[in-house]
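J.: Take a look and give me a structure for this.
(2 chains)
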Amino acid sequence: DAGVIQSPRHEVTEMGQEVTLRCKPISGHNSLFWYRQTMMRGLELLIYFNNNVPIDDSGMPEDRFSAKMPNASFSTLKIQPSEPRDSAVYFCASSFYAGNTIYFGEGSWLTVV
Amino acid sequence: AQKVTQAQTEISVVEKEDVTLDCVYETRDTTYYLFWYKQPPSGELVFLIRRNSFDEQNEISGRYSWNFQKSTSSFNFTITASQVVDSAVYFCALIISGGSYIPTFGRGTSLIVHP
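T.: Below you'll find the model as predicted:
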């Protein structure tokens, strides 16, 4: 079975550009999470969807960040405009139901120069 | 509010040594789930184990074993006869049942196994 699929795996972009990260959760999973990982802050939850509905977005840093889940098999995390401090690894993760094991994608490594 | 503490920031051992990674959690709830994940140098987060609060049985999987003790709110992870491939960052996590179901992760323990 395919795991959580993220794209792009690596992205280098210039400050001010729009960045869109994509995620396909494991089929049948109804909970989806976006995390950001940096050396300074560790693993931070950005947003949590359940049945395509955002349940908790308190971790979204600011208005430059937005996330959508138009259907059960696709989610995007958008940064506009991007800044160097957004450089991090962004993980998407999904679980079959809330409380069950969360499976992570391989991450999207973002560098903003 | 819940909290997960991994007090060991970094552990360095020589191959074949046994090593225990500590995880202490805090919650007032009686139903919860505990997890361990491994993050090797390649960066992906790999699920290792899930344990619910009503199952205090220790678990062994090959060289890996987990000791869950509710009395001390700990869920420690032991690697027996460590190998270089065990070098990774290990995260402990907690999910409260009936709450937001948002996992709380520890800061991770970096394990370095020297040949």
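
J.: and B:Gly43, which of the three is it?
T.: coil (DSSP: H, G, I helix; E, B strand; the rest coil).

J.: And it, what's its pLDDT?
T.: Predicted confidence (pLDDT) for B:Gly43: 92.

J.: next one: A:Pro54
T.: 94.

J.: got the contact list for the residue lying closest to it once chain neighbours are set aside?
T.: Spatial nearest neighbour of A:Pro54, excluding adjacent residues (C-beta to C-beta, 6 or more residues apart in numbering or on different chains): A:Ile47 at 6.0 Å. For glycine as for every other residue, the C-beta is placed from the backbone atoms N, C-alpha and C. A:Ile47 is in contact with A:33-34, A:54, A:56-57, A:59-60, A:67, A:77, counting by C-beta atoms under 8 Å, 6 or more residues apart in numbering or on different chains.

J.: Now do the helix or strand bottoming out on mean pLDDT in chain B: distance to the chain's middle.
T.: Least confident helix or strand, chain B: strand B:59-61 with a mean of 89, by mean pLDDT, DSSP states H and E. Computed by C-alpha atoms, centre = their mean, to the nearest Å, the chain-centroid distance of strand B:59-61 equals 13 Å.

J.: can you map out the strands along chain A?
T.: Counting by DSSP state E, one finds strands in chain A at the ranges A:5-7, A:10-13, A:19-24, A:31-38, A:42-50, A:53-56, A:65-71, A:74-79, A:88-95, A:103-104, A:108-112.

J.: How about the backbone phi and psi for the residue of chain B found nearest chain A?
T.: As assessed by C-beta to the nearest C-beta, chain A sits closest to B:Tyr101 within chain B, at 3.4 Å. Here the main-chain torsion angles of B:Tyr101 (degrees, to the nearest 10) amount to phi 60, psi 20.

J.: from what I can see it touches A:Phe96, true?
T.: No. Using C-beta atoms under 8 Å, B:Tyr101 is not in contact with A:Phe96, being 11.7 Å away.

J.: Can you give me the first-to-last residue distance of stretch A:82-94?
T.: Using C-alpha to C-alpha, to the nearest Å, the end-to-end distance of stretch A:82-94 comes out at 25 Å.

J.: What of stretch A:49-56?
T.: End-to-end for stretch A:49-56, by C-alpha to C-alpha: 7 Å.

J.: Give the buried residues for that stretch.
T.: By neighbour count on 16 or more other C-beta atoms under 10 Å in any protein chain shown, the buried set for stretch A:49-56 is A:49-50, A:55-56.

J.: just the residues you listed that are near chain B?
T.: A:50, A:55-56 (C-beta under 8 Å from any C-beta of the partner chain).
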